[in-house]
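Visitor: sequence first, predicted coordinates after that:
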Amino acid sequence: LMLRDQDLTPRQCQYLGTINRSGEHLLALINDILEMSKIEAGRTTLNPSTFDLPVLLNDLEMMFRIRTDEKKLSFSVEMIGDVPQYIVTDINKLRQVFINVLGNAVKFTEQGGIVLRVCADRHSTTAPCPCLRVEIEDSGPGISVDEQGKLFRHFEQTKTGQQAGTGTGLGLAISREFVRLMGGDITVNSQVGKGSVFVINLPLKEGEAQAVQAKDKPRRVVRLEAGQAPCRVLIADDVEDNRQLLAQLLGPVGFEIRLAANGAEAVREFEQWRPHLILMDFRMPVMDGHEAIRRIRAMVGGKEPKIIAVTASAMDENRHDLLQIGADDFLSKPFREVELFQKIHTHAGVKYIYAADAAAAAHEEAAELTTESLTGLPQDLIDPMREAVITADLDQLLARIQQVEARDPRIAQGLRRLAEGFQYQKLLDLFGPGPVH
């Protein structure tokens, strides 16, 4: 609120910015201390389960893509060789290790990029059993040999970390504890001026697909099922990246979206737009999520929308407290795509079309569409669609298919189903060979 004061001097603004960053640092520090305390007290336990490794990697890529794009960094995830799809370990701890190490890589890398590589080493000469090897390589400033010893100590930071002014000095320490708890280890190779490679080795225990399927393995949502009333979703978060991430997840599926940068804006948007569901961050300037929820619930019609509180801290209110102030549920950051869509389904009652369903429908439609079916379409419409398929640009492809709608709705529907079912080879067969240059 003070930062909105137009009479502040530049120095006062600088001081307030320092206060804000200090508060964020303190919050992260408290969370990390809580986790480290649990580790040292022996209260941290493993909860191994069978999970789909490519799904986890896809979630991580989605989570960090916005941040790397914002810094104009390249980011790739590579599975090298014969990596099993299903493995058994504590997925939550493994995910947190990935987030900690990738988060550091993004934070300290200013040019170049980051690569996450995964391979299975079944014939290791250094490990007593097959292992899963993960490398996270960045082109950041690198770490001197003297400072590499500090990386995994509690509350220790390198000079680069100290200059960044963020972090707690616990993230990598917690990561090593988690990895060792899972029976592995984490090491680093780094050269100043060239970058770093963090290497995680874990015992490789392969799982069975049935174990994942028995837990109702989540499917990727493609779009809202047809015939439903529009569903309006208000996203309230003071961090633009967070707002855009949610908007990019929900908008293409078919939700109507509006954004609010603080609680006061959320209250105004509710009054004007009457959303069916609100994703409300709790820690925001001007008006926080607590007060925004209270005000909305006190307004005429304020009992109607479903409100999901988005929380980022282990110190946030427990479920009972969230329900007491008027939230219907909560979503913890960092969240997974499947959790988000499941909670929206639970509270808004919307129905989805999943990738598997879209692929099945695409196969059915493919039997009807032929190259001859497309003879009525102009070449200057077919060529851009072919190019979009070759570059795997789904957004561009769907935009071009929308242009087909005006000419032939049936063909457009068939092409759309093929696109959303990722039947790219079938589409290329339909479009025929491209122009010869």
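Guide: Cool, the structure landed. On a predicted model such as this, the values are computed, not experimentally measured, just so you know.
Visitor: apart from its neighbours in sequence, what residue is nearest residue 76?
Guide: If you skip the residues right next to it in sequence, residue 76 has residue 115 as its closest partner in space, 5.3 Å away by C-beta to C-beta, 6 or more residues apart in numbering. Where C-beta positions appear, they are placed from N, C-alpha and C, glycine not excepted.
Visitor: paired strands for the strand or helix carrying the one you found, with orientation please.
Guide: In this structure, residue 115 is located in strand 113-121 according to DSSP states H and E. Strand 113-121 sits in its sheet next to strand 74-80 (parallel), strand 131-138 (antiparallel), going by DSSP bridges.
Visitor: could you point out which of these sits nearest residue 47?
Guide: Each of the strands paired with strand 113-121 was checked against residue 47 via C-beta to C-beta, and the shortest separation belongs to strand 131-138, namely 17.6 Å.
Visitor: buried residues, that closest one. List them.
Guide: Of the residues in strand 131-138, 131-138 count as buried by neighbour count, 16 or more other C-beta atoms under 10 Å.
Visitor: make JSON lines from the strands paired with strand 113-121 and add distance to residue 106 to it.
Guide: As requested, the strands paired with strand 113-121 are exported to JSON lines (distance: least, C-beta to C-beta, whole Å):
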{"stretch": "strand 74-80", "distance to residue 106": "8"}
{"stretch": "strand 131-138", "distance to residue 106": "8"}
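Visitor: other SSEs contacting the helix or strand containing residue 353?
Guide: In the assignment (DSSP H and E), residue 353 maps to strand 352-354. Counting by 3 or more C-beta pairs under 8 Å, 6 or more residues apart in numbering; DSSP states H and E, the packing neighbours recorded for strand 352-354 are strand 221-224.
Visitor: the strand it packs on packs against which elements?
Guide: Packing contacts for strand 221-224, counted by 3+ C-beta pairs under 8 Å, 6+ apart, involve strand 352-354, helix 355-368.
Visitor: rank these by pLDDT, which is bottom?
Guide: If you rank the helices and strands packed on strand 221-224 by mean pLDDT, helix 355-368 sits at the bottom with a mean of 54.
Visitor: next SSE downstream of that one?
Guide: With elements assigned by DSSP H and E, the helix or strand that comes after helix 355-368 is helix 379-390.
Visitor: what comes up buried for the helix or strand just after that following helix?
Guide: Moving toward the C-terminus from helix 379-390, the first helix or strand encountered (DSSP H and E) is helix 394-405. Within helix 394-405, the residues that count as buried by 16+ other C-beta under 10 Å are 397-398, 400-401, 404.
Visitor: any idea which of those residues is closest to residue 260?
Guide: The closest of the buried residues of helix 394-405, once distances to residue 260 are taken by C-beta to C-beta, is residue 398, at 27.6 Å.
Visitor: pretty sure the closest one contacts residue 417?
Guide: No. Taking C-beta atoms under 8 Å as the contact criterion, residue 398 and residue 417 are not neighbours in contact, 11.2 Å apart.
Visitor: look at the most centrally placed residue in the chain and report its pLDDT.
Guide: Averaging the C-alpha coordinates of the chain gives a centre point, and the residue nearest to it by C-alpha atoms, centre = their mean is residue 63 (2.7 Å). On pLDDT, residue 63 comes in at 77.
Visitor: for it, helix, strand, or coil?
Guide: Of the three states, residue 63 takes helix under DSSP: H, G, I helix; E, B strand; the rest coil.
Visitor: can you show me the strands along the chain?
Guide: Taking DSSP state E to define them, one finds strands in the chain at 49-52, 74-80, 86-89, 113-121, 131-138, 185-191, 195-203, 221-224, 232-236, 256-260, 277-281, 306-311, 329-332, 352-354.
Visitor: by contact count, what packs against the third one?
Guide: Translated: strand 86-89. Judged by 3+ C-beta pairs under 8 Å, 6+ apart, strand 86-89 is in contact with strand 49-52, helix 209-213.
Visitor: swap the cut-off to 10 Å and go again
Guide: In this structure, strand 86-89 packs against strand 49-52, helix 53-70, strand 195-203, helix 209-213, with contacts taken as 3 or more C-beta pairs under 10 Å, 6 or more residues apart in numbering; DSSP states H and E.
Visitor: check which residues of the first one are buried.
Guide: By neighbour count with 16+ other C-beta under 10 Å, strand 49-52 contains the buried residues 50-52.
Visitor: and what of the longest one?
Guide: By neighbour count with 16+ other C-beta under 10 Å, helix 53-70 contains the buried residues 53, 55-57, 59-60, 63-64, 67-68.
Visitor: compute the inter-axis angle for that helix and strand 131-138.
Guide: Relative orientation of helix 53-70 with respect to strand 131-138: 10 degrees, computed using axes from the mean of the first three to the mean of the last three C-alpha atoms, to 10 degrees.
Visitor: just the CA atoms of helix 53-70, as PDB, please.
Guide: Taking Å, rounded to 0.1, in the frame of the first residue of the first chain, the C-alpha atoms of helix 53-70 are listed here in PDB:
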ATOM      1  CA  LEU A  53       8.300 -40.400 -15.000                       C
ATOM      2  CA  PRO A  54       7.600 -38.700 -18.300                       C
ATOM      3  CA  VAL A  55       4.500 -37.100 -16.700                       C
ATOM      4  CA  LEU A  56       6.600 -35.700 -13.900                       C
ATOM      5  CA  LEU A  57       9.200 -34.300 -16.400                       C
ATOM      6  CA  ASN A  58       6.400 -32.800 -18.500                       C
ATOM      7  CA  ASP A  59       5.000 -31.100 -15.300                       C
ATOM      8  CA  LEU A  60       8.500 -29.700 -14.500                       C
ATOM      9  CA  GLU A  61       9.000 -28.400 -18.100                       C
ATOM     10  CA  MET A  62       5.600 -26.600 -17.900                       C
ATOM     11  CA  MET A  63       6.400 -25.200 -14.500                       C
ATOM     12  CA  PHE A  64       9.800 -23.600 -15.600                       C
ATOM     13  CA  ARG A  65       9.000 -22.800 -19.200                       C
ATOM     14  CA  ILE A  66       7.500 -19.300 -18.400                       C
ATOM     15  CA  ARG A  67      10.500 -18.300 -16.200                       C
ATOM     16  CA  THR A  68      13.100 -19.400 -18.800                       C
ATOM     17  CA  ASP A  69      11.100 -17.700 -21.600                       C
ATOM     18  CA  GLU A  70      11.000 -14.500 -19.600                       C
END
